[in-house]
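In: Structure for the following, please:
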Amino acid sequence: MNKKLLFIPLVLFLGLVAVFLVQLTRNADGDDPTKLESVLVGKPVPAFRLEDLADANTVYQQDIFLGEPLLLNVWATWCPTCYAEHRYLNELASQGVKIIGLNYKDERDKANRWLKDLGNPYVHSLFDGSGMLGMDLGVYGAPETFLIDASGVIRYRHVGDVNPQNWEETLKPIYERLQEEAKG
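Out: The predicted structure follows:
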């Protein structure tokens, strides 16, 4: 038997592995595979009625997203990455960035203690104990942050923590553009 024929299965296998590796490192558009697109980008925030995290007698609806650009930050006390991003969210809020918090599939008492102990960057805190609004938004887990324009339309979805690098490189330019659009 020809010894060269023995290498054909090995070469075919290595070629197949190379094709799979290339496909794993990109999505269909050739973009970053960690970027999760949202079918809601370009659409209004889904309709909802949720209680305030601290005051169950206060109920919010999607009209809280009208008037000026803002961030909707999905967070929970069970999320270690949320803990890591919380200090930076406080910093952004102190700089005038409007942030609404969506406490996702959490315990109300723990979440209120968290905000009391770590500071509260949110102008409103929505309690989504059942996760229904999160599901309507297509949330995979916390943290996720949505940039919403002054008309209540979702303009960008960020999966993972908000930190100085991704704020400066990606989120801040979009946020500032939305602010300019709101003025014009």
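
In: Give me the distance between the nearest residue to residue 65 once chain neighbours are set aside and residue 113.
Out: Excluding its sequence neighbours, the residue lying closest to residue 65 (CB to CB, 6 or more residues apart in numbering) is residue 152, at 4.0 Å. C-betas here are computed from N, CA, C, even on glycine. Per CB to CB, to the nearest Å, residue 152 is found 31 Å from residue 113.

In: who has more neighbours, the two?
Out: Comparing residue 152 with residue 113 by other CB atoms under 10 Å, the one with more neighbours is residue 152, at 16 against 12.

In: In contact with the residue nearest the centre of the chain, which residues are there?
Out: By CA atoms, centre = their mean, the mean C-alpha position of the chain lies nearest to residue 144, the distance being 2.0 Å. Residues in contact with residue 144 (CB atoms under 8 Å, 6 or more residues apart in numbering) are 73, 74, 137, 157, 158, 159, 160.

In: Just the ones of those residues in helices?
Out: For the contacts of residue 144, the ones inside helices are residue 137, with DSSP state H as the criterion.

In: now, the most widely separated pair of the contacts of residue 144?
Out: Farthest-apart pair in those is 137 and 160; separation 15.2 Å (CB to CB).

In: quick one: which of these two has more around it?
Out: When residue 137 and residue 160 are compared on other CB under 10 Å, the one with more neighbours turns out to be residue 137, at 23 against 16.

In: Mean confidence (pLDDT) on stretch 127-141, please.
Out: Taken as a whole, stretch 127-141 has a mean pLDDT of 94.

In: Stretch 44-54 too?
Out: Rounded mean pLDDT across stretch 44-54 is 97.
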